[in-house]
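Chemist: for reference, the sequence and a predicted model appear below.
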Amino acid sequence: MRDLKKEVLKAQESGDIAKLYVLEQRAQDELGEDELMRYYSNILELALERLTDVLEKKVRMDMNDVQDFATLRALYEYAVEHYSAGGLHDASALFEVLSGLSHDKAFSDAMKIHQKAADAKMSLDDFINQIADIEATQSAGTFYVSVFTNEAQKLLSDSKKSAEK
């Protein structure tokens, strides 16, 4: 436990979000509930700091950069947390920001679908059951919902029609 706490502290001090994700399973196994909540809060705090830096520099994140990848993952998890809790407006705003943060077109396009679902006031359960193809996403190995059913295209089309009115 002491070794884990030292490694976590070192990763936090250096802002190494990727290292914190590497240590995640050990943290889940060894830390109590309150400590685990602080652990994830620290990941989010570091991700928000990196987000601020990226926005100030007006650059995009690179999925091939381990820290950018880990930051995008943390921010995506934060957006999904809002979505899950029924914070559709906040989730939509976060997905919109995420869609413009990365050079990765597939990630950007997926975030736009997430955003449209939240804008349509679709619950996360309905999104998972109707729009997301979870099995294909798991096969793709992405940290985010990246494969969608045909309903996703309908969602985008409906969203576009609403915007034109």
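Modeler: That came through fine. Numbering: from 1, shown residues only.

Chemist: C-alpha only now, for contacts and for neighbours.
Modeler: OK.

Chemist: mind checking pLDDT for the residue most central in space within the chain?
Modeler: The centroid of the chain falls nearest to residue 76 when counting by C-alpha atoms, centre = their mean (0.9 Å). Predicted confidence (pLDDT) for residue 76: 98.

Chemist: the helix ranked longest in the chain - contacts with which helices or strands?
Modeler: Ranked by number of residues, the top helix in the chain under DSSP state H is helix 33-57. Under the contact criterion of 3 or more C-alpha pairs under 8 Å, 6 or more residues apart in numbering; DSSP states H and E, helix 33-57 touches helix 17-22, helix 24-30, helix 66-84.

Chemist: you'd agree residue 121 is in a strand?
Modeler: No - judged by DSSP: H, G, I helix; E, B strand; the rest coil, residue 121 forms no part of a strand; its state is coil.

Chemist: circling back to that earlier point, would you agree the residue nearest to the centre of the chain is in contact with residue 142?
Modeler: No - judged on C-alpha atoms under 8 Å, residue 76 makes no contact with residue 142 at a distance of 11.6 Å.
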